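**Q** For reference, the sequence and a predicted model appear below.
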Amino acid sequence: MDVGLTLAIALALAFAFTNGIHDAANSTATLVATRAGRPGPALGVAAVGIFLGPFLLGSAVATTIAGIVDVEPDETVEVMTAGLVAALAWNGLAWYRGLPSSSSHALVGGLVGAAIAAAGFGAVNWGGFDGWRPVGVLGVLVALALAPPLGATAAYVVFRLLRLGLRRATRRFEQPIREAQWVSSGLLALGQGANDAQKTIGVVAALLLANGTTSSLHAPFLVTFGAALAMALGTVLGGWRIVRTIGRRIYDLKALDALASQTGSAAVILGSSLAGAPVSGTHVVASSVVGVGLGRERWGRIRWAVVTEIGLAWLTTVPATALLAAALLGVWRLLT
């Protein structure tokens, strides 16, 4: 295996690791914020779910990501490397700021920007519609755009149904609600592992195919294992700066709020994973917290300044990482 390919695969695993740090916040923030669980056990459940996700829920997302760009085999390594470096840099900045930014947006932007810089706009599979279903980059962007409002809507509906069903409940129901949070947190982690680890798997699968190591985009077991393990390790370390933003800075959550947020988010992310739609789990979870706040009809208690900051990150991630990846590739070619 040549040095360039080895470096690109190492960067892909590093990306999975940082993705796991972000996903730790997504899976555990509401659980910890409502004191339904301690950080250590919560991270343990999240790590197990994230590790198992890519093994249990198929490889549809990996195939989608691998098909975003269409460059010559001898350009694949440098395109993937530039895209991954840009995504890693953005993830690091988001972690430092404590922002629930999207690793998915960062990766897609990085790959598209690098491909355009390498071979022009024709090197990107912009896509279109296959019947009613958007495909290619269009499909990815539609999924990324729809996921946050779907997360907010799902959490809103789940919260209203729970509140209706428990309107006469006494305090003895608080403990079962907290226990149910563990189940919904595990399902959320499972969905995140499936959706996010598959992005790394898709990148590595494309690298191996271009190198001639494999004959299709079907990833070997070791690739899936490596991506899942890297994400699980990132989860164990945890992104506590981001936990605070999701769990406390957007809206002050109660146990029922957290259960609705986790359940709504899990439904959206699990469904997206099965459909092969790469979504931002970070933004789904953050928007679900807003949906719960709206469900309680407490507009004034939602910290809209924080929501606006997250929204700006959501809008700027793809163009920022695309420009950064294009610049990195340009500099690399000048130097070599």
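**A** Thanks, I have it.
**Q** remind me which residues of the chain are low pLDDT?
**A** Counting by pLDDT under 70, the chain contains low-confidence ranges at 1, 23-25, 98-100, 169-171, 238-249, 251.
**Q** if you go through it in chain order, where are the helices?
**A** Using DSSP state H, the helices found in the chain span residues 3-33, 39-56, 60-66, 73-97, 103-119, 136-165, 174-211, 221-237, 240-244, 255-275, 281-295, 304-335.
**Q** Would you mind measuring from the residue nearest to residue 103 when sequence neighbours are not counted to residue 306?
**A** Leaving aside its chain neighbours, residue 103 sits nearest to residue 19 (4.5 Å; criterion: C-beta to C-beta, 6 or more residues apart in numbering). Quick note: C-beta positions are derived from backbone N, CA and C, even for glycine. The gap separating residue 19 from residue 306 is 22 Å, by C-beta to C-beta, to the nearest Å.
**Q** before we move on, what about residue 88?
**A** 25 Å.
**Q** What are the contacting residues of stretch 135-147?
**A** 64-65, 67-68, 102, 104-105, 108, 112, 124-129, 133-134, 268, 272, 277-280, 283-284, 287, 318 (C-beta atoms under 8 Å, 6 or more residues apart in numbering).
**Q** List only those of those flagged as buried.
**A** Buried members of the contacts of stretch 135-147, counted by 16 or more other C-beta atoms under 10 Å: 64-65, 67-68, 102, 104-105, 108, 112, 124-125, 127, 134, 268, 272, 277-280, 283-284, 287, 318.
**Q** follow-up on the earlier one: how much space separates the residue nearest to residue 103 from residue 104?
**A** On the measure of C-beta to C-beta, residue 19 and residue 104 end up 9 Å apart.
**Q** Tell me who's in contact with the nearest residue to residue 80 once chain neighbours are set aside.
**A** Spatial nearest neighbour of residue 80, chain neighbours left out: residue 8 (5.1 Å); criterion: C-beta to C-beta, 6+ apart. Shown in contact with residue 8 (C-beta under 8 Å, 6+ apart): 77, 80, 81, 84, 207.
**Q** Send me stretch 262-272 as PDB with only the CA atoms.
**A** Below are the C-alpha coordinates for stretch 262-272, written out as PDB (Å, rounded to 0.1, in the frame of the first residue of the first chain):
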ATOM      1  CA  GLN A 262     -34.200  11.600  21.600                       C
ATOM      2  CA  THR A 263     -37.100   9.600  20.200                       C
ATOM      3  CA  GLY A 264     -37.800  12.100  17.400                       C
ATOM      4  CA  SER A 265     -34.100  12.300  16.500                       C
ATOM      5  CA  ALA A 266     -33.700   8.500  16.500                       C
ATOM      6  CA  ALA A 267     -36.700   8.100  14.100                       C
ATOM      7  CA  VAL A 268     -35.300  10.600  11.600                       C
ATOM      8  CA  ILE A 269     -31.700   9.300  11.700                       C
ATOM      9  CA  LEU A 270     -32.600   5.600  11.600                       C
ATOM     10  CA  GLY A 271     -35.000   6.200   8.700                       C
ATOM     11  CA  SER A 272     -32.300   8.200   6.800                       C
END
